[in-house]
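Student: sequence unknown, structure follows:
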């Protein structure tokens, strides 16, 4: 099985840390990285800082060994913590409905939308219109 991964010039592994790895999955990832470490390129993306990788790979020794191989002679590019996909969605919504800053309408069918995007949208602070003062009835 590992020979299959060795024949590629580059292996790209996206979203490491999105889902915790079972012991067997973590061991397989280690074997792939370890065999390619001196011979071929590996591109890896993650939103987690290295200090939080034990949440993904609970075996601390395996996690340390994996990080050692990943970071050896690596070019680490930090792009920031904000999701470009989320930022793009907000920009697209603001273009469709000027003045909303990407907010959802209260009666939008997207209110029942599934997935992480809908969850992230509900985390946005709600901007309420200014309250109009009503004259006191004396």
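Tutor: On my side now, so go ahead. Just so it is clear, the structure is predicted and the values come from calculations on it, not from any experiment.
Student: and stretch 19-38, what's buried?
Tutor: In terms of neighbour count (16 or more other Cβ atoms under 10 Å), stretch 19-38 has its buried residues at 21, 26, 29, 30, 32, 33, 36. C-beta: built from backbone N, CA, C; applies to glycine.
Student: just give the nearest non-adjacent residue to residue 5, would you?
Tutor: By the measure of Cβ to Cβ, 6 or more residues apart in numbering, the closest residue to residue 5 outside its immediate chain neighbours is residue 32, 5.1 Å from it.
Student: contact partners for the one you found?
Tutor: Remark: with contacts taken as Cβ atoms under 8 Å, 6 or more residues apart in numbering, residue 32 is in contact with 2, 5, 11, 42.
Student: am I right that it is in a helix?
Tutor: Yes: the assignment for residue 32 (DSSP: H, G, I helix; E, B strand; the rest coil) places it in a helix.
Student: next one: it, what pLDDT does it get?
Tutor: The model reports residue 32 with a pLDDT of 91.
Student: so residue 94 sits in a helix?
Tutor: Yes: applying three-state DSSP, one finds residue 94 inside a helix.
Student: now for it, how many residues are close by?
Tutor: Other residues within reach of residue 94, judged by other Cβ atoms under 10 Å, total 14.
Student: remind me what the one helix or strand residue 62 maps to packs against, helices and strands.
Tutor: Secondary structure assigned from DSSP states H and E places residue 62 in helix 60-71. Helices and strands touching helix 60-71, as assessed by 3 or more Cβ pairs under 8 Å, 6 or more residues apart in numbering; DSSP states H and E, comprise helix 23-36.
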